[in-house]
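Peer 1: Sequence and predicted structure, then a few things I'm wondering about:
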Amino acid sequence: MPEELQKNNSDGSKTGGTLSNFLEILQVVLTSLIIVWLIRSYVIQPFLVKGASMEPNFHDGNYLIVDELSYRFRSPGRGEVIVFKYPKDPSQYFIKRIVGLPGEKVVIKNKQVTIYNNANPNGLLLDERYLPSEEVTKGDVTVQLNPSEYFVMGDNRLFSSDSRSWGTLPANLIVGKAWIRAWPLEQAKVFGNN
């Protein structure tokens, strides 16, 4: 029969071993919680889509994993779907698609979006193949973006509160980009750039 080693208190009880086991478990739990907190704070974060502003690409109740790390190494790109703090109330989070980049001029007229920048001084009609062909972009808007501003719009253009109504998005309010749609399972998807 194998011998068992026990740490005994002066009164001969097994409390020392139990305390040691408890401290080990506590250390593992605390380490795990710190790792989870660091990942959720600086790498990825879950978000639940509320509302219809991003239909048909994202629906109410979709559960997303947002990549918070990529934009620490590169700038957000046109066409990417991002989560950000709403400029008029930073306690709220919005999800929209980037249309205009810093320093560009965005013109919405005749149901079309035109981008003016150094590469396209005469304007570039925006190719929005992520939208259904029947989708209409309403508005008569001209915005010159500052070096730290973005122009964002929802994919459901008729039912989206976005840069057309409340203005530009400061870069410092961007949380991250939509990376994975985790729920519902039948719509699970990993999103690339654009």
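Peer 2: Right, received. Where do you want to start? Numbering: from 1, shown residues only.

Peer 1: Could you tell me which strand of this structure is the longest one?
Peer 2: strand 89-100 (DSSP state E).

Peer 1: Format the CA atom coordinates belonging to it as PDB.
Peer 2: C-alpha atoms of strand 89-100 as PDB (Å, rounded to 0.1, in the frame of the first residue of the first chain):
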ATOM      1  CA  ASP A  89     -23.000  59.500 -25.700                       C
ATOM      2  CA  PRO A  90     -19.800  57.400 -25.300                       C
ATOM      3  CA  SER A  91     -21.600  55.000 -22.900                       C
ATOM      4  CA  GLN A  92     -23.400  53.600 -26.000                       C
ATOM      5  CA  TYR A  93     -21.800  51.300 -28.600                       C
ATOM      6  CA  PHE A  94     -22.600  51.400 -32.300                       C
ATOM      7  CA  ILE A  95     -21.700  49.200 -35.200                       C
ATOM      8  CA  LYS A  96     -21.300  50.700 -38.700                       C
ATOM      9  CA  ARG A  97     -19.200  50.400 -41.800                       C
ATOM     10  CA  ILE A  98     -16.300  52.700 -42.600                       C
ATOM     11  CA  VAL A  99     -17.000  54.700 -45.800                       C
ATOM     12  CA  GLY A 100     -14.600  57.800 -45.500                       C
END
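
Peer 1: buried residues in it?
Peer 2: In terms of neighbour count (16 or more other CB atoms under 10 Å), strand 89-100 has its buried residues at Tyr93, Phe94, Ile95, Lys96, Arg97, Ile98, Val99, Gly100. Every C-beta, even on glycine, is put in place using the N, C-alpha and C of the backbone.

Peer 1: Out of the residues you listed, the closest to Tyr63 would be?
Peer 2: Among the buried residues of strand 89-100, Ile95 lies closest to Tyr63 (CB to CB), at 12.1 Å.

Peer 1: what about the residue nearest to the closest one when sequence neighbours are not counted, neighbour count?
Peer 2: Sequence neighbours aside, Val83 is the residue nearest to Ile95 in space, at 5.2 Å (criterion: CB to CB, 6 or more residues apart in numbering). Residues lying near Val83 (other CB atoms under 10 Å) number 20.

Peer 1: Paired strands for the helix or strand containing Val83, with orientation please.
Peer 2: In this assignment (DSSP states H and E), Val83 forms part of strand 81-86. Here strand 81-86 is paired, per DSSP bridges, with strand 89-100 (antiparallel), strand 174-183 (antiparallel).

Peer 1: hang on, the earlier thing: going along the chain from the longest strand of the chain, find the next helix or strand for me.
Peer 2: strand 105-109.

Peer 1: Return the alpha-carbon coordinates of that next one using PDB.
Peer 2: Listed next in PDB are the C-alpha coordinates belonging to strand 105-109 (Å, rounded to 0.1, in the frame of the first residue of the first chain):
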ATOM      1  CA  LYS A 105     -13.900  64.400 -48.700                       C
ATOM      2  CA  VAL A 106     -17.100  62.400 -48.700                       C
ATOM      3  CA  VAL A 107     -20.000  63.500 -51.000                       C
ATOM      4  CA  ILE A 108     -23.400  61.900 -50.900                       C
ATOM      5  CA  LYS A 109     -25.600  63.100 -53.700                       C
END
